[in-house]
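J.: got a predicted structure here, sequence first:
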Amino acid sequence: MLTAVMVTAFAMFLAFLRPEHPWRWAVVVSAIIPMGEVVAFKLTGQKLNRAGISEAILAVLPANAGAYGGAALRTVIRELWKPKQQMK
């Protein structure tokens with residue numbers, strides 16, 4: 001559960017900073033988790049189990065939610081703080 005929360009928060013932060021293409025941040029953040037599993041496997045020599053592999057693949061879901069949520073939040077903030085047009 002902690003992994004999902006961290007993936008969501010990190011993807012949301014990145015998409016908030018650069019909201020143009022939030023799918024890119026979802027791909028980048030969700031790709032880090034399986035790579036981390038492989039690195040941990042290589043360094044420690046422990047076997048990979050199905051639950052760990054499934055969790056790593058399913059990290060795409062909270063990454064998408066975070067990325068699109070961050071982009072939407074940035075859009076809302078931009079609209080709320082837009083300077084008012086001067087009356088002519």
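T.: Structure's in. What do you need?
J.: mind listing what's buried in the helix or strand of the chain with the lowest mean pLDDT?
T.: Least confident helix or strand, the chain: helix 50-57 with a mean of 84, by mean pLDDT, DSSP states H and E. Residues 52, 55-56 are the ones in helix 50-57 that count as buried (16 or more other C-beta atoms under 10 Å). C-beta: built from backbone N, CA, C; applies to glycine.
J.: can I get those in CSV including distance to L17?
T.: Converted to CSV, the buried residues of helix 50-57 look like this (distance: C-beta to C-beta, whole Å):
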residue, distance to L17
G52, 30
E55, 26
A56, 25
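J.: helix or strand right after the least confident helix or strand of the chain?
T.: Later in the chain than helix 50-57, the nearest helix or strand by DSSP states H and E is helix 60-80.
J.: list the contacts of stretch 11-21.
T.: Residues from elsewhere that reach stretch 11-21 (C-beta atoms under 8 Å, 6 or more residues apart in numbering): 22, 25-26, 28-30, 62-71, 73-75.
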